[in-house]
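K.L.:
dropping a prediction and its sequence here:
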Amino acid sequence: MEGFAGKVAVVTGAASGIGQAIAVELARSGARLAISDIDSVGLASTEAMLKHLGAPVKSDRLDVTERESLHAYADAVHDHFGTVNQVYNNAGIAFAGDVASSQLTDIERVLHVNFWGVVNGTKAFLPHLITSGDGHVVNISSLFGLCAAPGQAAYVASKFAVRGFTEALRLEMILSGHRVNVTAVHPGGIKTGLAHHADGVPGFDKALSIRVFDKAAITSAETAAQRILTGVRKNKARILVGRDAKALDLLVRLTGPGYLRLFAAVISRKRSAPSPPH
């Protein structure tokens, strides 16, 4: 796929953050957009941006965990535009809490959105992508789809699952001969509102979590979107976004499971270090 002009691209979680930035970059590249989110207000803002850029837009409130609704939505997008070329399964949520303190319902909710939302979107649109003869599935995993982190077990599990599902699908499309490319995206710290909307276990210090996230977020959503689309143009199997994602990917490749000992040592030292004066 050399470019995006005239292509029909579907973006979930398009009300803000990476999803919104991807939709805007696609519009600037001449694509036709089908955008969705559960945040109607944010989605309307994205729709206005895309229309200002002159892009044809279909905008719908959508919950990616509602399987039947998503399949109906896929058919509606196909009927509206006549074809579907690309799907960016981007919708996701964050949750903070260790395994011992997390309720099963909390873990299930993260998996329903982050993993099953990707599966639902892929399954709903894949027949249309195959029919197009020029399809591309782009699933947003995470830096935490490459390595684990304490207090993020549900999120890590969901993003590792997205990675495995996506890589298996890429193999299947190659072996089947279908002209559908498949890409997994692993963003590092991106300047979005993810932490601001995150929930956590009782006692979760949300203000601290936001400060830590904002400090670690070194890449803008706009830059992330540009790098993602560059990788999609090149049909990359895996796209790493940000210096942090690239560095940690290299660390895991070099150390294997040894990175777990390194992480534990570093985190233990930080926890035992005296707090700076206020």
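P.N.:
Here it is on my side, so go on.
K.L.:
flag every buried residue along stretch 162-179.
P.N.:
Buried residues in stretch 162-179, defined by neighbour count with 16 or more other CB atoms under 10 Å: Val162, Arg163, Phe165, Thr166, Glu167, Leu169, Arg170, Met173, His178. (Glycine included, C-beta is placed from N, CA and C.)
K.L.:
contact partners for Lys123?
P.N.:
By CB atoms under 8 Å, 6 or more residues apart in numbering, the contact set of Lys123 is His71.
K.L.:
that one: what secondary structure?
P.N.:
On the three-state scheme (DSSP: H, G, I helix; E, B strand; the rest coil), Lys123 is labelled helix.
K.L.:
what about Ala264, distance to Leu104?
P.N.:
Distance of Ala264 to Leu104, computed by CB to CB, to the nearest Å: 26 Å.
K.L.:
assign Val64 to helix, strand or coil.
P.N.:
State at Val64, reduced to three classes by three-state DSSP: coil.
K.L.:
for it, grab the count of nearby residues.
P.N.:
27 (other CB atoms under 10 Å).
K.L.:
so what's it up against?
P.N.:
Thr12, Gly13, Ser36, Leu70, Asn89, Ala91, Val113, Trp116, Gly117, Val118, Asn120, Gly121.
K.L.:
ChimeraX command to pick out the buried ones of those residues?
P.N.:
To isolate the buried ones among the contacts of Val64 in ChimeraX, judged by 16+ other CB under 10 Å, type:
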select :12,13,36,70,89,91,113,116,117,118,120,121
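K.L.:
show the pLDDT at the closest residue to Val241 other than its chain neighbours.
P.N.:
Leaving aside its chain neighbours, Val241 sits nearest to Pro187 (4.2 Å; criterion: CB to CB, 6 or more residues apart in numbering). For Pro187, the pLDDT comes out at 97.
K.L.:
and Pro187, how many neighbours?
P.N.:
27.
K.L.:
for Val24, same thing?
P.N.:
With other CB under 10 Å as criterion, Val24 counts 22.
K.L.:
one step back: neighbour count winner among Ala264 and Leu104?
P.N.:
Of the pair Ala264 and Leu104, Ala264 is the one with more neighbours under other CB under 10 Å, namely 11 against 8.
K.L.:
show me what the helix or strand harbouring the more buried one is packed up against.
P.N.:
Element membership for Ala264 (DSSP states H and E) is helix 258-272. Helices and strands touching helix 258-272, by 3 or more CB pairs under 8 Å, 6 or more residues apart in numbering; DSSP states H and E, are helix 243-255.
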